[in-house]
Every structure is written in C-alpha cells, then in structure tokens.
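Student: Everything below, folded, please.
(chains A, B and C)
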Amino acid sequence: MFGILASILDGVLVGAVYGLAAMGLTLIWGVMNVINLTHGAMIVAGMFGLYYLASVAGLPVYAAIPPIALAGFCFGVCLYWVSVHRVIGRPPLMSLLATFAANLVLIGLGTAAWGTVLFNVPVSLPGISHGGYTFTGTHMMAAVLTAAIAGLLYLFLYRTRPGKAIRAVAGNREAAELNGIPTTQVLALAFGLGVALACASGALIATLFPFTVLSGAAYQLKSFVVTVLGGLGNPAGALLGGVALGLLEGAMTPFMPVSWTSIVEFVVFVIVLIAFPAGLFNFRR
Amino acid sequence: MSALLEVRELGRRFGGLQAVDALSFGVGEGEIVGLIGPNGAGKSTVFNLINGVHAPDGGRVFFRGEDITGEAPYRVARRGLARTHQIVQPLANMSVLDNCVVGACFGREDLSRARAEDVAREIAGFVGLIDRLGDPAGALTIAGKKRLELARALSARPLLLLLDEVLAGLNPSEVERMIVVIRRIRERGIAILMIEHLMQAIMSLSDRIVVLNSGRKLAEGRPEQVANDPAVIEAYLGNPEHAARLRGAA
Amino acid sequence: MGPPAFLGRPTYWLIVVATLAFAFLPLWHDNVELREELLLAAIYVTLAANLNLMIGYAGYINFGNIVFFGLGGYLCMWLVSSHGWPLVAAALVGAAGVSLLALLFGLGILRLRGAYFALATIGVNEGVKAFVANFTPWGGSTGIYLPIDAFAELGGPAKALWVIYFLLVAVMGASLLVSFGIKNSKFGLGLLAIGQNEDAAVVLGVPAPRYKALVYSASAFLPAVAGALFFFKSAFIQPDDAFDLVFSTEAIVGVMLGGQGTVIGPALGAFLYEELRSTLLTAETFSNFQMVIAGVLLLLIVLFVPGGLMGWIHRRWPRTKRVLE
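Tutor: Coordinates of the predicted model:
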C-alpha cells in the first residue's frame, strides 16, 4: 500500500516539472493562439544543454539552468521571427503547420547530429527515506526549483511592465495595440519566454531521467494534456494540471506497462478536449 | 395572419449576464418585423437562439407550428429559416456564385448543384451582384459583401429571413438600394425579422416593431406607437424630457 | 440526355492520361526499375490525393493519416495469412473495415475543431500502433510474414509484382477521380464551405457533422487498399513500418507543395516530392536530412506560398483555373 502511495507522491513531484514544461506551451497558446509544435524539440534542447554544460563543461548541474533558459529565450525569439511572425494573422492551421515544419527541421538536425543515442546526466542528491522507500533528492529538488521558477514567472507577469503587456495582448490584442503596446515585440517576447520555460523544464527533466533526441515527443504530449487540463493560457492551471498528470502516472505505473502510458495520456487529452474545452483547472471565467 | 415564427419566454445567460430574458413575440407570414434596442440589448443573441447557434436556457422557439428549440443551425436552415450576420462571413476563397450555390443547395429545397446554380444566378441578379459572379467573395467591397450575405440567405429560398444589421456600414445611396431590395423580398412572400439601427429605415420598412432593452421586451407595436412610447425614448436617450425638447426643436 | 459533363473537362483527361502513362510506360519498356520508382510515386500520390479531401476541402489537417494505410495493410495481411483469402478480396474487405472504423472514430474526434483535431489524429495513429504492437493475433511487434507461396495465386512472384503494380496504379487513378468527382459535387461544395468557414457553412444548412465524418471515412478507403497492396508485395508488415509518421508527414508536404484544395495539386506535389526524396536518398549524406528538407520545404510553402504550386499557377495565369483544377 505504501508503495502505491510513494509512487503517487513521487508522481506529484515529477508532475510539477511536467507543469513547468506545459507552462511554456500554454503561455504561447494563450497569448497568440499558436500551438507550438516545436515544444518537444525545445525540451530536448534543454536536456542537451544540461548535458553539455554539466557533464561536458563541468558546470554545477543546477547552476546550468539559468543560462539554458536564457539561451532558450533567445532561440525562441529567433524562432518567432522565422516561423511564426508571418502566420500570426492567418488561419490557425497555418501556424500549426509552420511550427510543425520547424519541428521537423529541428528534430531532423538533432537526429543527424546525435542519432538515437541515449544520454544521461548523472546527478546525485541525498534523498529522504521512509519505510523502505526513498524519495529521490533529484525529484524533490526538481519540484522545488519548479515552484521557484513558477514564482518568478508570476512575479514577471503580474509585477513587471513587460509581463503586464503580455497579459494585455493575451486578453485583447487590438485593445493592447490601441493602448500603444508594441504587440509584435510582445508576441516575440512571449514566445521567447515560452521556449525558455520549455528549455528550463527540459534541463530539469534531464536531472531525473535519461533521454534521446526523440524524447521530446512524449514530453510534448504530456504538455498538451496538462495544457488542456489547466485551460489554455493559464500557467497556474498548468501547474495544477501537471501535478494531476503526475498523480495519474504515479497511480498507473505500478499497474501498467510503460508503453501504454502515452496511450492513456492521449485518451485523457481527447476526452478533456471534448468534454471540458475550457479545462478542468481553469478557475478564471 | 398565422404565426410563422413564435418565440415564447426565451432566455439565455452568458456567465453573469442575462442576455435574453423571458422574451416572447412572433412574426406572421409576409410580415416585416423590426427588432430594435440600444447596443447590448441582446438582439443578435435572439437571432442566435432562434437559428440554433446557441441553445436557450429557457423558453421555446416555434417555426411553422413546430418546436425547433435548440435545433442545430443546419436543420433550422433546412426548414426555411435563413439568416445574415452583422459581421459579414463570406466564404472568401470561393466565388460569389459558389457562395450563393451553397445557400441554394443546402437551404429549404434539396437542390442538385446544377439546379442550385440556376437559383443562385437568379438571386444574384435580384440582389445586384450579377457582374461579380466569378469574383472571389473576399474581393468584394463591404457593400458587395453585405449583398452577398443577403443573396446567400435568399438562395436558400427561405420562408423567413433574419436580417442582422444589413444596412450597417453602407453609404446613403447603398442604403436606398438595399431598402428597395428588402421591399421586393417581401413582395416575393418572404417574411422578414430585421435588426437595424438606422431608425428611419426600420420605421419605414416594418409592419411591427419589437423593442428590446437589456434582454427584455420593452415595447411592441406599430412603428408610430413605438416611436412615441416614452419608455422606448428613455431607453435610447435616457430622459424623456430631452427627447421632447429634441422633437420640439426638430 | 447528352454525354456526361466531365468528359469535357481537361482535368478529367489529364487524370486518365497520367494513369495510363503510369501503367504503360514501365510495361512498354519492360523496365522493372522504372516500375518500382513509379510504384512508390503512385502510393505517394494516392495518400496525398485522399489526404487532400480532409486538408484541402474540409480544412481539417490529418497528421496521422498513415493509420489508414497501415491498418489496411494489417487487415489484408491478416486475412491472407490467417484465413487464406485471395489478395483483392482481402484488400477490399480490409479497406471497407478501415473506412467503417474511421467513420466511428471520426464521429468522436471530428467534434474537435482545427488544431485539436489535428493533434488527436496523431493520437489515433500512435494508439493504433501501440495496440497492434501488443496484439498477438497480428504478430505483435514482430508483425506478419507471408509464406513464399503467397504469390502463387497471382502467377508467381515476377508476375505478381506486375499485377500489384497495375492494381496500385488503378488505386491512384481512382483516388484522383474521386478527388475530381467530389470537388464538383454538392458534397464537395459543402466540404469546401466547411473548410472556408465552418460556422457560416452550418448556418447555411451544410450538415457539417455528417459531412465531416463521411469525408474522413472516404479518405480512409483508398489509402487502406494501397496499404494492403504495398504490404502484400513486401510479404511482411510490422507496426513501425505500417504506422510511420514520417510517411504521414511526407503526404502532408506533398499536398501543401502541390496546392491543397486543388485536384491536380496534391498529385503533382506528391510526385515531385517523391522524386526529390529518392534523388536525395541516393546520396548518403542526405538520407539523414530527409525530414529536415521536408520541414524546410513545408515551412517555405506555409510562409510564402500557402497555395502551393497550383495556387501560384492559378494566380499567375487565372485562365488555368478552369483547365487545371
């Protein structure tokens, strides 16, 4: 019994990181109604960033996260200008195809460079043991850092001018424009921020699990599920949704082969979309 | 005159707002009924409740005696109830002709594409779009798009036409032409329920007027009755004394 | 009652000529290499033409379109290997089964609009792949192998390859004719209206839920037959090959490259893409970059020429709109 409980609690910890990953996706989705299909690739980029900074260059593992986030931000802004800017006003299917195409390029380059080799960033942190079960230190650290990053995001969105500008554009782009907000730059900023969050979450995930170039797809799927659970454009909801998903996974893994996890997640995704289009954890009306 | 459309105690909330509240009125065969009210009075919502875009929270909608409450819009269209939109919705990359053919194919009569094309051409001529048939709908001017909106609805050969601010955004001469078209639509035996802000136009066209304010019916009657109703004047101008002074000054 | 109208349409004849060319060119020269090349091209064209019904007409992107191809392959292989059915019957019945499944699935996921539907189709593909990989009657992750005498019913391996080729060319031709026929029909008009503005179409009376489910189901049939023929020819099917998202993506690139929403566009785009791909694949360095090139192509099209080749041609020479649909 405690085994299942431990599994669930561990799921909550990991789920927080899923929530962080989803925050990037939901931010972009909510602000500019673009579904960023390069999200998974950006998570992988964060993973590789950690590998190169920590395992290869020798930086302390958790200190590598801010530079990774920064690099992610810069790359996100570039990606916005290259792939997204021209399709903003057009039907949403066009932006879907644009980010889909960008993803093909990124993953293609990735597999050309790194193949499907498994990478790992060994991190050792003391865990907490109880009754024969250990809560790994890395899991707890990841959850703590997620909370910290989420807090920073909140401060940014609600206490700084650029953050408020992002919220304004998300609410009503035309009104924001009429109020003198440079919407295009704000969109680029929001996109960069979303990618930065994805990269940061990727780095954190790399401290937990090994990865390949193709790992992004599974985490992208989790991000989608979390996003629709939490409601589009709702970062707080994403965090809750992430925890919920982590909980679900924790409850499932003792009973189900791992390959079925993705299927269950997809079913949840579709059901939530059909039955709860506004999200389960969306308390804003 | 038998009631073609009957709306009974219709109600709908959106979040905290009661957009339409216990509304009842009817439209008889061959009638032109105007639906007016200040901005935000719920007029377009009433249209959405009638043709099935939103399901009402309360009340019923009857068309030709049958209960059509909450039916999907395409079923309502099949029954012979067609509608234009306040913000025009052309099928932009399709030709003007094809836009009307869609209306004709999927409207009241289950026409083949070939027959529908004949109907579409006739209606396009009626409405004044005959030289633009081959153009993509997105390329029309706003007046042209309004006329297309109307032509599409008419191509369905409806018994009742819901017109949502079909005169908005038109210059005076375009308004004149549209009014002529509307009268000719009535001559064809089609009943009309129209939302309009252009007071003079709607007063001169309508047989009856229903006034809406904050989702509730404020008044109903012949245009002259409604125009002199103090409650209506107050709703529009805020103060009957102002209105009296304005009329005195006019 | 005179001759049917389509006989007067140049596009109809283009389809007929192209199909006949595919059939006769390799035969005339008895060129097996050419046949294999054209076979692959025919499959790409089939996938693209049917996908176009969803993307180009109804405006719904089916990212996971390859699921029809794979399932059609599996149903056919299963009927042939486990129940000894002849190829054509197995292919047709299998495809009918896939269409039926598509109809049922479609009624569910087609309630989702635009991007959500697109994402859900990936889930359908991955879900079916995972299911099949764990489904022992169908060989699980090992797949189904056909015994060597499987080709006996078609007159031996050499002849069988020709027969299968002709059948695939017929499927390709049928796909193009279906595309052409639907576009000019009332059903097609309704689909195009849905693709332009689904809300407006519904108000105009287009029965969107029914039409969407029908086109989703219809777009499944011929790719399923193609899958049946392709995998029978390989005498082997396994989940990773059958439900390959790369292939799925390439179909999308073909549709967009050629011009979604037109009849000729997707066929042309698929053919050109396949030629590009096979040329590049011969160079070792490029094989790693297959998806990069597909991605760059797709991105350029979406950003700069969303109407694809045919869109550009129609804009440049408006007269061609009637002639090259």
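Student: Am I right that residue B:175 sits in a helix?
Tutor: Yes. With the criterion set as DSSP: H, G, I helix; E, B strand; the rest coil, the secondary structure at residue B:175 is a helix.
Student: Read off the pLDDT value for it.
Tutor: What the model reports for residue B:175 is a pLDDT of 90.
Student: who's in contact with the residue lying closest to it once chain neighbours are set aside?
Tutor: Nearest in space to residue B:175, with sequence neighbours left out and distances taken as CB to CB, 6 or more residues apart in numbering or on different chains, is residue B:167 at 5.2 Å. C-beta coordinates here come from the backbone N, C-alpha and C atoms, glycine included. Contacts of residue B:167 were listed using CB atoms under 8 Å, 6 or more residues apart in numbering or on different chains, and they are B:175, B:178-179, B:196-198, B:201.
Student: burial measure for the residue in chain C that chain B sits nearest to, as a count.
Tutor: With CB to the nearest CB as the measure, the residue in chain C that lies nearest chain B is residue C:205; the distance is 3.2 Å. Other residues within reach of residue C:205 by the criterion other CB atoms under 10 Å in any protein chain shown amount to 28.
Student: how near is it to residue C:193?
Tutor: 10 Å (CB to CB, to the nearest Å).
Student: now do residue A:165
Tutor: Residue A:165 sits 39 Å away from residue C:193, going by CB to CB.
Student: Name the residue in the two with the higher neighbour count.
Tutor: residue C:193 (30 against 21).
Student: Quick check: which element contains the more buried one?
Tutor: Using DSSP states H and E, residue C:193 maps to helix C:186-196.
Student: Also residue B:9?
Tutor: Taking DSSP H and E as the definition, residue B:9 sits inside strand B:3-14.
Student: Name the next helix or strand downstream of that strand, please.
Tutor: With secondary structure assigned by DSSP H and E, strand B:3-14 is succeeded by strand B:17-28.
Student: list the buried ones in that next one?
Tutor: By 16 or more other CB atoms under 10 Å in any protein chain shown, the buried positions in strand B:17-28 come out as B:19-21, B:23, B:25-27.
Student: Which ones, among these, also lie beside chain C?
Tutor: With CB under 8 Å from any CB of the partner chain as the criterion, the subset of those in contact with chain C is empty.
Student: How many residues are close by whatever residue of chain A ends up closest to chain C?
Tutor: Using CB to the nearest CB, the closest approach of chain A to chain C is made by residue A:104 at 2.9 Å. Residue A:104: 26 surrounding residues under other CB under 10 Å.
Student: measure residue A:148 to residue A:87 for me?
Tutor: On the measure of CB to CB, residue A:148 and residue A:87 end up 34 Å apart.
Student: circling back to that earlier point, just to check, the residue of chain C closest to chain B is in contact with residue B:81?
Tutor: No. Residue C:205 is beyond contact range of residue B:81, at 9.8 Å (criterion: CB atoms under 8 Å).
Student: secondary structure element for the most centrally placed residue in chain B?
Tutor: A centroid search over chain B (CA atoms, centre = their mean) returns residue B:163, at 1.8 Å, as the residue closest to the centre. Here residue B:163, judged by DSSP H and E, is contained in strand B:160-164.
Student: Count the neighbours of the nearest residue in space to residue A:230 that is not next to it in sequence for me.
Tutor: With sequence-adjacent residues excluded and distances taken as CB to CB, 6+ apart, residue A:230 is closest to residue A:237, at 2.9 Å. Around residue A:237 sit 28 other residues, with neighbours defined as other CB under 10 Å.
Student: dump the residue contacts of residue C:95.
Tutor: By CB under 8 Å, 6+ apart, the neighbours of residue C:95 are C:72, C:75-76, C:220-222, C:224-225, C:228.
Student: Make TSV from those and add pLDDT to it.
Tutor: Formatted as TSV, the contacts of residue C:95 follow (pLDDT from 0 to 100):
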residue	pLDDT
C:72	95
C:75	94
C:76	94
C:220	96
C:221	97
C:222	97
C:224	97
C:225	97
C:228	95
